[in-house]
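Student: Need the 3D shape of this:
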Amino acid sequence: MKHAFSGVFETDSILKTLALCVLTLGTYLIYKLYRFTSQLNQHAQLKIPKLFITTAIVLFVTSSGNLIYSLVNYHDLSILKSSIGIHVISSAFDITWIVMVRKRINLLAGTHKGDNLWLNPFMTSIFHVIYMQYKINQGLADKTI
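Tutor: Residues are numbered from 1 along each chain as shown. Model (predicted):
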C-alpha cells in the first residue's frame with residue numbers, strides 16, 4: 001500500500017519544533033503552517049487559497065509588530081488597547097488556518113476519528129504544528145500505512 005505522507009512531508013524533530021515555536025514567539029508556527037500548506041497544496045485536491053495565506057501572514061506580522069511596539073511603550077495603555085482588534089482578527093485567521101491544514105492532513109492520510117494518524121481537534125488546538133509534526137512523523141515511520 002502506498003504511504004499517504006511519503007513524498008509530501010518530511011520527518012522533523014518534535015523537540016526542535018517546540019523549541020523554535022517558543023523561542024521565536026510563534027513565528028516558527030507560522031513558518032511551519034506555511035510549509036505544511038505548500039506541501040499539501042501540491043498534493044491535495046482541496047487547496048488552501050494563497051490570498052488567505054498571505055492575509056494570515058500579514059495579519060500575524062502586523063499583530064506581532066503592534067504587540068512589540070505596545071510592550072516597548074508599556075506606559076501608554078491606549079496603544080495596547082487600540083491594537084486588540086488586530087490581535088483578535090489575526091488570531092481568528094491563525095486558528096482558521098490551523099483547522100484548514102488539519103482537515104487536509106486528515107484527508108490526505110484518509111483517516112477518520114479514532115484512527116492512529118487522525119489529528120484530534122482538541123490536541124491540534126493546543127499543540128498546533130507540534131502535534132501535526134508528531135502525527136506526520138508517526139505516519140512516515142509506520143510502514144503499514
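Student: low-scoring stretches of the chain, by residue?
Tutor: 1-3, 143-145 (pLDDT under 70).
Student: residue furthest from the geometric center of it?
Tutor: Most distant residue from the mean C-alpha position of the chain: His75, 33.1 Å away (C-alpha atoms, centre = their mean).
Student: what are the phi and psi values for that one?
Tutor: Recorded main-chain torsions at His75 are phi -70, psi -20, according to degrees, to the nearest 10.
Student: What sits closest to Ile53 if chain neighbours are left out?
Tutor: Closest residue in space to Ile53, ignoring its immediate chain neighbours: Thr37 at 6.0 Å, by C-beta to C-beta, 6 or more residues apart in numbering. (Glycine included, C-beta is placed from N, CA and C.)
Student: residue contacts, Gly26?
Tutor: 60, 64 (C-beta atoms under 8 Å, 6 or more residues apart in numbering).
Student: how close does it get to Val61?
Tutor: Applying C-beta to C-beta, to the nearest Å, the value for Gly26 to Val61 is 11 Å.
Student: what are the phi and psi angles of Gln45?
Tutor: According to degrees, to the nearest 10, Gln45 has phi -80, psi -40.
Student: what are the ranges of the strands in the chain?
Tutor: In the chain, no strands are defined using DSSP state E.
Student: re earlier: run a quick neighbour tally on the residue nearest to Ile53.
Tutor: For Thr37, the tally of surrounding residues (other C-beta atoms under 10 Å) stands at 22.
Student: right, and it touches Arg102 too?
Tutor: No - in this structure Thr37 lies outside contact range of Arg102 using C-beta atoms under 8 Å: 11.4 Å.
Student: Now do the helices in the protein.
Tutor: For the chain, the helices defined by DSSP state H cover 14-23, 27-43, 50-72, 77-82, 84-109, 121-141.
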